[in-house]
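Chemist: Coordinates for the following, if possible.
(one chain, ligands or ions: 1)
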Amino acid sequence: MSDQSRRDFIATTAAAATAATAATAALGAASFIAPSNFGAWQSAKAPAPSKTINIGVIGAGGRGSGAANDTLSINPNVRIVAIADIDVAKATAARDALAEEYNKDGATRVAVPNERIFGGIDGYQKVLDLKDVDLVILATAPGFRHVHITAAVAARKHVFAEKPVCVDVAGYRACCAAHDKALAQGTCIVTGTQYRRQPSFIEGIKKIREGMIGDVVAMTARYCSNGIWYRDRKPGMSDMEYQIYNWMHFIWLSGDQITEQAVHNIDVVHWVMGGPPVRAFASGSRWNRPADSEMWDSISCDYEFADGRICSFTGRHWANSDNQGDNVVYGSKGIAYLRAFDSGTQITDRNGKELFSIKGNIGAAYKQEHKELVEAVVASRPIVELRQTAESSLMAVMGREAAYSGQTATWDFMTNKSQLDLMPKLVTIPGDAPAPFVRKPGEYRLQ
Ligand SMILES: NC(=O)c1ccc[n+]([C@@H]2O[C@H](COP(=O)([O-])OP(=O)(O)OC[C@H]3O[C@@H](n4cnc5c(N)ncnc54)[C@H](O)[C@@H]3O)[C@@H](O)[C@H]2O)c1
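Modeler: Down below sits the predicted model:
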């Protein structure tokens, strides 16, 4: 089927399904076209930003609202002008909450009339079609991220993309192409890996680079917590509506815990080691997930680097167990504890004597990424950091696939040979979704 006839097919299917399903009212109805079908890149230069930077939010749940709040609170020269969420009620609620906070005393920092609130699966494109939108915040379920990034870069918008930026190899490749395109046209892409903008990590890694712990010998990274949310299916939801609503538990949407959450820690491994590893050897388990969840509840992975050094990742969601989210770098002369969230960094010598310490403030880091992004847009000095976060996201995918399959996954295989593309070819609301399944080592293979 040609791209055009496939598009028509999708549109027709979606329209027919729309008429038939009452649940559509909650989530909106539209079709979604897989990334390979997006139009050719446009070649015109990026538009000069207006004096006030107009922002569109795509995905208005917890983080989309949070990121909008972060940028409004740190940047006096931004305003929110459009919001899309597959669930139009969520977009409206986000608009109302932000307006209540930021439109005090006659201010119009949240200027989103009802006609600029878009529901449905194609709502993102309606935001991107608005000429006055300079920058978009992308914070939907991660499985859609590379599609939205690709479309946003094609529309020559500046981008804030939440992590992870991909959950499979097809997404990684789309991100690499979008990175190159943004660089060429001079638009920004900042990503939601906030540790990269947190002084406790920046200064700690600077000390490591300066030699405070001697040669880096090995590293551990952990994301171990007691669990994650699960959203019960609502009456009338189609399979597709339900999976997108309860996105964490479906691998094509979340990438499993190692990708969705632990990409923060794996990104720190990438940062400290200066790039991706050559191979991954992994293991994991699934003891206690709800029946239709595709997630495992633990994955551990040894990442091996070209010079033989090993960085060991452990991730799990286990109740009544110890929480741990730190990165620890072991050197020939000392140890650097790059601790999670707000817990700061401490560096000691091999006898435990403190050599350096600095407090952490993750809330400030969440804002700093938006400050740097908006300053870069205003100064026309683009930051384009998508490839780095795409590599960290693919490291997570590589660890997951090594665990799921029981096979050793190499970076060469993942980047050059793998055809892993998890997104269903047809995503319609309402609509069918792939039947959930749990990957079983020995049966599931690297692909
Ligand atoms: N940087 C961080 O520390 C951090 C923290 C939390 C979440 N996140 C990331 O932010 C993203 C969103 O997480 P969240 O906690 O806000 O989840 P959420 O479920 O609260 O919000 C996601 C929203 O996206 C909407 N959505 C899903 N698919 C969509 C689509 N195709 N088009 C339009 N809307 C769509 C959903 O309806 C929902 O409102 C995830 O990628 C997550 O990993 C990052």
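Chemist: Pull out the buried residues from stretch 408-422.
Modeler: 409-411, 413-415, 418, 420-422 (16 or more other C-beta atoms under 10 Å). Where you see a C-beta, it was placed from the backbone N, CA and C, and this is true even at glycine.
Chemist: can you check stretch 317-329 too?
Modeler: 317-318, 325-327, 329.
Chemist: contacts with the ligand among these, please.
Modeler: Here nothing survives when the buried residues of stretch 317-329 are matched to the ligand using C-beta under 6 Å from any ligand atom.
Chemist: Looking at the residues you listed, spot the one nearest the ligand.
Modeler: Closest approach between those and the ligand, by C-beta to the nearest ligand atom: Gly325, at 11.5 Å.
Chemist: Can you check what pLDDT the model gives the nearest residue to that closest one once chain neighbours are set aside?
Modeler: Spatial nearest neighbour of Gly325, excluding adjacent residues (C-beta to C-beta, 6 or more residues apart in numbering): Ala340 at 3.2 Å. At Ala340, the pLDDT value in this model is 97.
Chemist: average pLDDT across the host helix or strand of Thr348?
Modeler: Thr348 belongs to strand 345-349 when assigned by DSSP states H and E. In this model, strand 345-349 has an average pLDDT of 98.
Chemist: Only the C-alpha atoms, please, for that strand, written as CSV.
Modeler: Output in CSV follows, covering the C-alpha atoms of strand 345-349 (Å, rounded to 0.1, in the frame of the first residue of the first chain):
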residue,chain,number,x,y,z
THR,A,345,27.2,14.5,45.7
GLN,A,346,29.9,13.4,48.0
ILE,A,347,33.4,12.4,47.0
THR,A,348,35.7,10.4,49.4
ASP,A,349,39.2,8.9,49.2
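Chemist: Name every strand pairing with it and say which way it goes.
Modeler: strand 334-338 (antiparallel), strand 354-358 (antiparallel) (DSSP bridges).
Chemist: Now secondary structure and pLDDT too, for the buried residues of stretch 317-329, in a markdown table please.
Modeler: Shown next, in a markdown table, are those (DSSP: H, G, I helix; E, B strand; the rest coil; pLDDT from 0 to 100):
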| residue | secondary structure | pLDDT |
| --- | --- | --- |
| His317 | strand | 98 |
| Trp318 | coil | 97 |
| Gly325 | coil | 98 |
| Asp326 | coil | 98 |
| Asn327 | strand | 98 |
| Val329 | strand | 99 |
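Chemist: Flag every residue of the protein that's near the ligand.
Modeler: Residues of the chain lying near the ligand (C-beta under 6 Å from any ligand atom): 58-64, 84-87, 90, 121, 123-124, 139-142, 144, 162-163, 192, 194, 244, 260.
Chemist: quick one: which of those sit in strands?
Modeler: Using DSSP state E, the subset of the residues of the chain next to the ligand located in strands is 58, 84.
Chemist: In stretch 198-208, which residues are buried?
Modeler: For stretch 198-208, by 16+ other C-beta under 10 Å, it's 198-201, 203-205, 207-208.
Chemist: Oh, that last question was meant for stretch 372-383, not what I typed.
Modeler: Residues of stretch 372-383 classed as buried by neighbour count (16+ other C-beta under 10 Å): 372-374, 376-378, 382-383.
Chemist: would you list these in a markdown table and tack on pLDDT?
Modeler: Shown next, in a markdown table, are the buried residues of stretch 372-383 (pLDDT from 0 to 100):
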| residue | pLDDT |
| --- | --- |
| Glu372 | 98 |
| Leu373 | 98 |
| Val374 | 98 |
| Ala376 | 97 |
| Val377 | 97 |
| Val378 | 96 |
| Pro382 | 97 |
| Ile383 | 98 |
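Chemist: which of those residues lies closest to the ligand?
Modeler: Distances from the ligand to the buried residues of stretch 372-383, taken by C-beta to the nearest ligand atom, are shortest for Leu373, at 13.7 Å.
Chemist: tell me the contacts of that closest one?
Modeler: Residues near Leu373 by C-beta atoms under 8 Å, 6 or more residues apart in numbering: 71, 135, 158, 160, 188, 190, 383.
Chemist: And the residue of this protein that's closest to the ligand?
Modeler: Taking C-beta to the nearest ligand atom as the measure, the chain has Gly61 as its residue closest to the ligand, at 1.9 Å.
Chemist: Next one: the closest residue to that residue other than its chain neighbours, what pLDDT does it get?
Modeler: Sequence neighbours aside, Lys90 is the residue nearest to Gly61 in space, at 6.2 Å (criterion: C-beta to C-beta, 6+ apart). At Lys90, the model reports a pLDDT of 98.
Chemist: In this structure Lys90 contacts Ile58, no?
Modeler: No: assessed by C-beta atoms under 8 Å, Lys90 is found out of contact with Ile58, at 11.7 Å.
Chemist: These two: which has the busier surroundings?
Modeler: The residue with more neighbours, out of Lys90 and Ile58, is Ile58; 30 against 22, by other C-beta atoms under 10 Å.
Chemist: partners of the more buried one in the sheet?
Modeler: Ala84, Leu138.
Chemist: which residues touch it?
Modeler: Ile58 neighbours (C-beta under 8 Å, 6+ apart): 64, 83-85, 123-124, 127, 136-140, 148.
Chemist: ok, those residues vs Thr108, which is closest?
Modeler: Comparing those against Thr108 with C-beta to C-beta places Ile83 closest, at 14.9 Å.
Chemist: Make sure that closest one is actually in contact with Asp96.
Modeler: No: Ile83 is beyond contact range of Asp96, at 10.4 Å (criterion: C-beta under 8 Å).
Chemist: which of those two has more neighbours?
Modeler: Between Ile83 and Asp96, counting by other C-beta under 10 Å, Ile83 is the more crowded of the two (31 against 12).
Chemist: Tell me which residues touch that one, please.
Modeler: So Ile83 contacts 56-58, 60, 91, 94-95, 112, 116-118, 127 (C-beta under 8 Å, 6+ apart).
Chemist: sorry, back to before: now render the strands paired with strand 345-349 as a markdown table, adding distance to Gly106.
Modeler: Shown next, in a markdown table, are the strands paired with strand 345-349 (distance: least, C-beta to C-beta, whole Å):
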| stretch | distance to Gly106 |
| --- | --- |
| strand 334-338 | 45 |
| strand 354-358 | 41 |
